[in-house]
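K.L.:
Okay, predicted coordinates and the sequence, questions at the end:
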Amino acid sequence: GIQVEQSPPDLILQEGANSTLRCNFSDSVNNLQWFHQNPWGQLINLFYIPSGTKQNGRLSATTVATERYSLLYISSSQTTDSGVYFCAVAPGNQFYFGTGTSLTVIP
Amino acid sequence: DAMVIQNPRYQVTQFGKPVTLSCSQTLNHNVMYWYQQKSSQAPKLLFHYYDKDFNNEADTPDNFQSRRPNTSFCFLDIRSPGLGDAAMYLCATSRTPGTSGSTDTQYFGPGTRLTVL
């Protein structure tokens, strides 16, 4: 099956810092999403981004489908950004999650 | 608001006692998914329904079954829960238009946290 790797696995930032999270996948996909999982376990959609670049406030994402990777940028981080960030890819209807990046933003 | 609803939010069962988790959606999406997420791990796909077609992942244990009586509802049945089945169970939906095989944005419910005593 498709392999989805995320890096770094853990990240600690000072409030206000910027960061880049990476998602590599081993095969062609039709869909790629970034999620933020809050402390209560809810998965929140950040981006639906099978290709190209999107921005939403302090967050932006870029997917280069031909090179099989996606990047999530967080600028001016806030303590509320803490949590686990997952990418999920779909070759067809099935979604497969990456290993996740655990982000801690300290005041 | 259109959404994905899971009940109950917390479920406690005894070792070996069958349990059913439920999921409903008001998005009218044709694809519904069940995931298992254990502590500090990524969600793992158990199975999904594309309309009425059931698709089981190869490594999903036989102990896990699912039913989708209509578009809006989907159930996860655990026939004989073991201690290793304690986890968060997440339901999700998406829309696959046409026959392209690609699917749109996936939306998740809040999850049901299962404890096995």
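P.N.:
That came through fine.

K.L.:
so where's chain B uncertain?
P.N.:
Where chain B drops to pLDDT under 70, the residues are B:1-2, B:97-102.

K.L.:
now the helices for it?
P.N.:
Applying DSSP state H to chain B gives no helices.

K.L.:
Can you name the residues of it that neighbour chain A?
P.N.:
Proximity of chain B to chain A is confined to B:31, B:33, B:35, B:37, B:42-45, B:48, B:50, B:55, B:57, B:88, B:90, B:92, B:94, B:96, B:100-108, B:110-111, B:113 under the rule C-beta under 8 Å from any C-beta of the partner chain. No exception for glycine: its C-beta is placed from N, CA and C like everyone else's.

K.L.:
Can you flag the buried ones in the residues you listed?
P.N.:
Taking 16 or more other C-beta atoms under 10 Å in any protein chain shown as the criterion, what is buried in those is B:31, B:33, B:35, B:37, B:42-45, B:48, B:50, B:88, B:90, B:92, B:94, B:96, B:103-104, B:106-108, B:110-111, B:113.

K.L.:
among those, which are in strands?
P.N.:
Here DSSP state E is the test, and those give B:31, B:33, B:35, B:37, B:44-45, B:48, B:50, B:88, B:90, B:92, B:94, B:107-108, B:113 as lying in strands.

K.L.:
Could you single out the nearest of these to chain A?
P.N.:
Nearest to chain A among these, counting by C-beta to the nearest C-beta, is B:F108 at 4.2 Å.

K.L.:
is the closest one in a bridge, and if so with what?
P.N.:
Per DSSP bridges, residues listed as beta-bridge partners of B:F108: B:A92.

K.L.:
give the contact list for it.
P.N.:
A:35, A:42-43, A:45, B:4, B:90-92 (C-beta atoms under 8 Å, 6 or more residues apart in numbering or on different chains).

K.L.:
Same check on B:Y107?
P.N.:
By C-beta under 8 Å, 6+ apart, B:Y107 lies in contact with A:45, B:3-4, B:25, B:27, B:29, B:92-94.
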